[in-house]
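S.K.: compute the structure for the input listed below.
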Amino acid sequence: MRGGERVLESFCRMYPDADIYTHVYEPSAVTETIRSHTVRTTFIQGLPFSSRWYKRYLPLMPMALERLDLRGYKLVISCESGPAKNVIVDPDALHICYCHTPMRYLWDMSTEYLAGHGAVMKAVMRGMLHYLRLVDVTSAVRVDRFIANSRFVAQRIKKYWRRDATIVPPPVDIHRFRVTTRTNGGYLWLGQLVLYKRPDIAVDAFTASGKPLTVAGEGPELKQLRERAGRNVTFLGKVSDVEAAGLLEECRALVFTGTEDFGIVPVEAMACGKPVIAYHRGGVEDTVQDGITGLFFDEPTPNSLNESIRRFEFREEQFSPVTIRAWAERYDEPRFRKNVQEIIDAYTRSDGEWVQSSKTRPGTLGVT
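M.R.: Model prediction:
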């Protein structure tokens, strides 16, 4: 149950009788809200070790999606950071795509994903990525309307698919978090310890400064981060949702070093009234107000982060937990559902085509 699944939950509440189509389904891994719906899978489900190796079946997924029988549906919502929009719908059906991001490993981060593989594997993967890029662009034509979760993603949709998108941030369960002025005096880094989230920047910055940092999360970078960290850096490993909420409530500020398409963790921190010190790129450009709900650092380096922390500590008393929380409440689920519903309701059929009213045309920022 990560960000994409939380968005799916909201769609389930909007449309309680909707059917769900997916490649692989593990009922025990999702909530009762999702389990209460009829869930159908593609042939990927029947392939060996699909629940564990589903990513390896990516080249088969476009074909698997095209084989789904979606006849009779008048509204189809594809919710994707992969190839889900590749489905084929009826001519009189409205196809809305809520896009978390165009596939990073196909486009701007393909070099990073190829790094570390041998020459033979790189050659095979480059051929596969070329094929998938063609499929990805072709399938974008099948969508009537794109909704992006941030300006950053809308820009990527425009760049790679030449399509406009309306921006509606994903829902955040704001009411799971309490505003508190208490603090343990330390900073927090929370998330998966993977390369693109750049936990190394935070570990190196705090090792150099000697300030206390707690790192919560697990991932392939954990071992090498432990080896390079100073004694002032504490690693907790995997934490539960309840534990994560407690850490956010008690930290001095959240440190956010990666380039995320949206980034739910900063909004969760702000729901606790805690400032966010974030790298100035990606979804945080929408969610963090520089100087009000947090501060940005401009270069992805330990020195730049430490300079931002010094500025934060100099003016820390100016950050109001009440103001920060009020800003975070703009991302609650009711607003998400209202904005999406307005986009869908604005469509009418005219001369065999779907036409939308001007008030919800692409570019509208759903959080305002």
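S.K.: from now on I want contacts and neighbour counts done on CA atoms only, so please keep to that.
M.R.: Noted.
S.K.: the stretch 1-150 of the chain: strands as residue ranges?
M.R.: 20-22, 39-41, 75-80, 94-99, 145-148 (DSSP state E, counting those that start in this stretch).
S.K.: so which of the ones you listed comes closest to Leu65?
M.R.: Relative to Leu65, the nearest member of the strands of the stretch 1-150 of the chain by CA to CA is strand 20-22, separated by 8.6 Å.
S.K.: what is that closest one packed up against?
M.R.: Other helices and strands packing on strand 20-22, by 3 or more CA pairs under 8 Å, 6 or more residues apart in numbering; DSSP states H and E, are strand 39-41.
S.K.: ok, residues contacting the strand it packs on?
M.R.: By CA atoms under 8 Å, 6 or more residues apart in numbering, the residues outside strand 39-41 that reach it are 19-25.
S.K.: just the buried residues out of those, in PyMOL syntax.
M.R.: Burial among the contacts of strand 39-41 is assessed by 16 or more other CA atoms under 10 Å; the matching PyMOL selection reads:
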select buried, resi 20+21+22+23+24+25
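S.K.: farthest-separated two in the contacts of strand 39-41?
M.R.: Spatial extent of those (CA to CA) is set by the pair Asp19 and Val24 at 14.6 Å.
S.K.: does Val39 have any beta-bridge partners, and if so which?
M.R.: Val39 forms beta bridges with Ile20, as assigned by DSSP bridges.
S.K.: in stretch 301-309, what's buried?
M.R.: Neighbour-count burial for stretch 301-309 [16+ other CA under 10 Å]: 301-306, 308-309.
S.K.: helix, strand, or coil at Ile277?
M.R.: For Ile277, the secondary structure call by DSSP: H, G, I helix; E, B strand; the rest coil comes out as strand.
S.K.: partner residues bridging it?
M.R.: Bridge pairing for Ile277 (DSSP bridges) gives the partners Val255, Leu295.
S.K.: ok, it touching Ala253?
M.R.: Yes. At 7.0 Å, Ile277 and Ala253 qualify as touching, with contact defined as CA atoms under 8 Å.
S.K.: burial measure for Gln224, as a count.
M.R.: 10 (other CA atoms under 10 Å).
S.K.: same deal with Gly273?
M.R.: With other CA under 10 Å as criterion, Gly273 counts 28.
S.K.: am I right that it falls within a strand?
M.R.: No. Counting by three-state DSSP, Gly273 is not part of a strand but coil.
S.K.: residues in contact with it?
M.R.: Counting by CA under 8 Å, 6+ apart, Gly273 makes contact with 178-181, 249, 320-325.
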